[in-house]
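Student: Just a sequence and a predicted model for now, questions to come.
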Amino acid sequence: MTYVALTIAGSDSGGGAGIQADLKTFQELGVFGTSALTAVTAQNTLGVHDVYPMNANEVKKQICAVMDDFPVTAVKTGMLFSADIIYEVVDTLQFYQVGNLIIDPVMIAKGGTSLLQNEAVEALKEGLLPRASIITPNIPEAELLTGIKIVTAIDIEKAAEVLLEGGASSVIMKGGHLDNKEYAEDLFMSSCGKKFRLRSERIHTKDTHGIGCTFSAAIAAFVAKGMSLEEAVMEAKEYIHAAIKEGLHLGKGHGPTNHWAYRSYKEATKEVVLLD
């Protein structure tokens, strides 16, 4: 059986994030990748130099073209840019009764460029969040979505609770932005009461471009293949850890991760620790 996933996101001309990172990840994990483009960016490892958004109807037509022809079993969203696009995506996915929806709330590029208009934040909370099988915010994104200043592990848990109250079925709070030099720890929580933490060695590198896109795409790929969300999150953590650890050292700024590192890495001893 051939598994199919759909990514709805922006293009990264540098190839490290966005649609490009998603499709590379799908391919590496044995899933056929399809896509709907929301915006084109002029981008490299030094930053986003310009953004050229699609209009909402153009995004809708891409999604419909894929859904009408392919047996899509998981959908992942990334950079959606505007409220108009978000509401069109919500209506279209609802029409097709999409079940497995992975939301990566892309808001700010690595260099600080905004990738989501201000009014679109509310649209994401009102439209997409209640339909999310899982949402995958980093700390700055979670702060914007919840209004909670996140400094400690307790703050992370409070923010996760707010996102669950907002309608998400589950959340994985990425803790990489916390000031801990030894390890990176993520928190998984679900509306049905499941909770665990994933801890991995912190890798000190500047090659971190596209981490969020790649991690959420890996979750989508594993879910598309039939894994539970909990299993998909655990395996996606292994995937992104390998991608960061075996960096490619490309570009003059924040370089891309290594999307094919997991191939050899998965045969080795796993380095992510599951905590209750």
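Tutor: On my side now, so go ahead. Numbering: from 1, shown residues only.

Student: ranges for the helices of the stretch 101-250 of the chain?
Tutor: 118-123, 139-146, 153-165, 211-224, 229-245 (DSSP state H, counting those that start in this stretch).

Student: Export those to a markdown table and append columns for mean neighbour count.
Tutor: Yep, even glycine has a C-beta here, placed from its N, CA and C like the rest. Compiled in a markdown table, the helices of the stretch 101-250 of the chain are given as follows (neighbours: other CB atoms under 10 Å):
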| stretch | mean neighbour count |
| --- | --- |
| helix 118-123 | 15 |
| helix 139-146 | 20 |
| helix 153-165 | 18 |
| helix 211-224 | 29 |
| helix 229-245 | 22 |
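
Student: residues contacting the nearest residue to A120 once chain neighbours are set aside?
Tutor: Nearest non-adjacent residue to A120, counting by CB to CB, 6 or more residues apart in numbering: A83, 4.5 Å away. A83 is in contact with 117, 119-120, 122-123, counting by CB atoms under 8 Å, 6 or more residues apart in numbering.

Student: Sort those residues by pLDDT and name the bottom one.
Tutor: Across the contacts of A83, the smallest pLDDT goes to Q117, namely 73.

Student: you'd agree G10 is up against S35?
Tutor: No. The pair G10 and S35 fails to qualify as a contact (CB atoms under 8 Å) at a distance of 10.4 Å.

Student: Between the two, which is the more surrounded one?
Tutor: Neighbour count, other CB atoms under 10 Å: between G10 and S35, G10 has more, with 27 against 21.

Student: Within the helices and strands, which one has that one?
Tutor: Applying DSSP states H and E as the criterion places G10 in strand 3-12.

Student: then the longest strand belonging to the chain to CSV, C-alphas only?
Tutor: When the chain is parsed with DSSP state E, its longest strand is strand 31-44. Below are the C-alpha coordinates for strand 31-44, written out as CSV (Å, rounded to 0.1, in the frame of the first residue of the first chain):
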residue,chain,number,x,y,z
VAL,A,31,5.1,8.4,2.2
PHE,A,32,4.0,9.9,-1.2
GLY,A,33,3.9,13.7,-0.7
THR,A,34,1.4,16.1,-2.2
SER,A,35,1.3,19.8,-1.7
ALA,A,36,-0.8,23.0,-1.8
LEU,A,37,1.3,26.2,-2.0
THR,A,38,0.3,29.2,0.2
ALA,A,39,3.1,31.5,-0.6
VAL,A,40,6.5,31.8,-2.3
THR,A,41,9.4,33.1,-0.3
ALA,A,42,12.7,34.5,-1.5
GLN,A,43,14.7,32.8,1.3
ASN,A,44,18.1,31.3,2.2
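
Student: Name the strands paired with it and say parallel or antiparallel.
Tutor: strand 3-12 (parallel), strand 47-53 (antiparallel) (DSSP bridges).
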